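1. Provided below for reference: sequence and predicted model.
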Amino acid sequence: MERETLGSRLGFILISAGCAIGVGNVWRFPYICGQYGGGFFLLIYILFLVILGIPVLTMEYSMGRASRVSILPAYRKLEKPGTKFHLMGYLSMVGNYVILMFYSVVSGWILYYAYRMAIGTFEGADTKLVNSVFSEMMGSPKILIASMLVVMLITTVVCSIGLQKGVERISKFMMLALLIIMVVLGIRSLTLPGGREGLSFYLMPSAAHIRKAGVFNVMYAALNQSFFTLSIGMGGMEIYGSYIDRKKRLGGEAVIVTALDTFVAFTSGLIIFPACFAYGINPDSGPSLIFKTLPRVFSEMRGGRIWGTLFFIFLAFAALSTMIGVFENIIAFSIDLRGAERKKSGIINGILIALLSIPCALGFNVWSNVQLVPGKAIMDMEDFFVSEICLPIGSFVIILFCTWEFGWGFRNYLKEANTGEGLKVPAKLRWYFQYVLPVIAGFLIIYGIITFFR
């Protein structure tokens, strides 16, 4: 079977960015940026993206482009005889399934709120009404499962159509629309009376916030966010490397994708904080920010129904782009390992993931007492498995695989990454890639697990 390829460089960049850009860019990055020192946090965050995120991203792309297959067969194809790096591929495959098991549910929340915002549910709504809508959604298995099924239907249909006609075409549209909507919302938010205070909270370096949080915690928060924002470690980016030609060096492509991901995260703060401060509403983080705080902001805003609907459409595009990006990886597993036909693989995996997502949806209501760790819902455990196990361990293994001779080797990685035109990965950084990057990734693994259970 002939390997599918992407139709354009723009498609590759936007699909890769779409896979990286997700809900965390909106409900986590702006808040921790404001709480951990504003502009100071932002500078540290960008620094860690450059010294950690971009190098590992080029490694995933290189493995994909050199092997022309998904992550598990890529390890098998590139590893030296007798080595067992391909075992990491199995963990990566499981991680891709698990992330969709809870991300499909969260994406369903967003689609449901886009609908409720569009029909005017939140017009003139007070705190009591906003909280009751969220509680009603979370307490209803029917709403959560139905919304999740809509998300899975959209994802399955798009990926089953084809790589170019489905995944590339739809992802390009969603990402371009997402960027346009964000710019419009950002301009609107910045022009709100009283929004300047929110902008100052978000971006002005704050020594008080740094002292309160602690310099180490600020550094760790920036490192953690810069690492996880690109979704590196589970082959989500590797698969798109397998679909592109060798006209461009991969360092430049990684920088562009990282810049788009950062732009979305940064602009989210420009939308959220000026609006919250303009209406005297304290910004929160996590689901509370999206589903409790912002509906109150839009209910106060002139034309809030329109602006709110646009915001949740933008957020839905971000969520769906990640769903499509990860689901494409799962389809690629079936095609590469079993020679499956795309549509058949899409339908079977779509049904499978929909069924596997039901426990997460029920974990907020009828199965809320099911807790493997006290105080942690089913979604928390699934998120822990992906965020604290699969991504950092996967990245740690990829770093070793691409930089040491007992793996694929630094020379092979560098040759692939620097084939074509554009920004080169410097050969003189070999020592840094071999010794410093594994230490950083190892630290994230250990500290993340300790923090979760503590």
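-> Okay, I see it.

2. Next up, the contacts around Met152.
-> Ser104, Gly350, Ile353, Ala354, Ser357 (C-beta atoms under 8 Å, 6 or more residues apart in numbering). Glycine gets a C-beta too; all of them are placed from N, C-alpha and C.

3. can you give me the strands in the chain?
-> With DSSP state E as the criterion, the chain has no strands.

4. coming back round to it: quick check: of the contacts of Met152, which lies closest to Leu289?
-> Of all these, Ser104 has the smallest distance to Leu289: 20.6 Å, by C-beta to C-beta.

5. check contacts around that closest one.
-> Met148, Val151, Met152, Thr155, Met323, Ile353, Ala354, Ser357.

6. out of the residues you listed, who's nearest Ala222?
-> Ala222 lies nearest to Met323 out of those, by C-beta to C-beta, at 27.1 Å.

7. That closest one against Thr155, yeah?
-> Yes: look at Met323 against Thr155 with C-beta atoms under 8 Å: they come within range, at 4.6 Å.

8. And for Val106, the neighbour number?
-> Residues lying near Val106 (other C-beta atoms under 10 Å) number 23.

9. And the residue nearest to it when sequence neighbours are not counted, how far from Pro359?
-> Using C-beta to C-beta, 6 or more residues apart in numbering and skipping residues adjacent in sequence, the residue nearest Val106 is Val23, 5.9 Å away. Separation of Val23 from Pro359 (C-beta to C-beta, to the nearest Å) stands at 20 Å.

10. what's the answer for Leu49, then?
-> 34 Å.

11. for the residue nearest to Val106, phi and psi?
-> phi -60, psi -30 (degrees, to the nearest 10).

12. quick one: contacts for Ala254?
-> Ile54, Leu57, Thr58, Tyr61 are the contacts of Ala254 under C-beta under 8 Å, 6+ apart.

13. hmm, 10 Å instead?
-> 16, 53-62, 230, 232, 237, 241, 417, 423, 425 (C-beta atoms under 10 Å, 6 or more residues apart in numbering).

14. Provide a list of residues in contact with Ser132.
-> Residues in contact with Ser132 (C-beta under 10 Å, 6+ apart) are Ala125, Asp126.

15. my bad, should have said Ala221
-> Arg28, Ile32, Cys33, Gln35, Tyr36, Gly37, Phe41, Ile44, Tyr45, Ala213, Gly214.

16. Equivalent analysis for Lys343, please.
-> Here Lys343 is in contact with Thr156, Val157, Cys159, Ser160, Ile161, Gly162, Ile331 (C-beta under 10 Å, 6+ apart).

17. if we can go back for a sec, counting only helices, which of the contacts of Ser104 make the cut?
-> Met148, Val151, Met152, Thr155, Met323, Ile353, Ala354, Ser357 (DSSP state H).

18. how about the nearest residue to the first one, chain neighbours excluded?
-> By that I understand Met148. Per C-beta to C-beta, 6+ apart, closest to Met148 is Gly108, 4.1 Å.

19. does the one you found really touch Ile145, like I thought?
-> Yes: contact criterion C-beta atoms under 10 Å: Gly108 and Ile145 qualify, at 8.2 Å.
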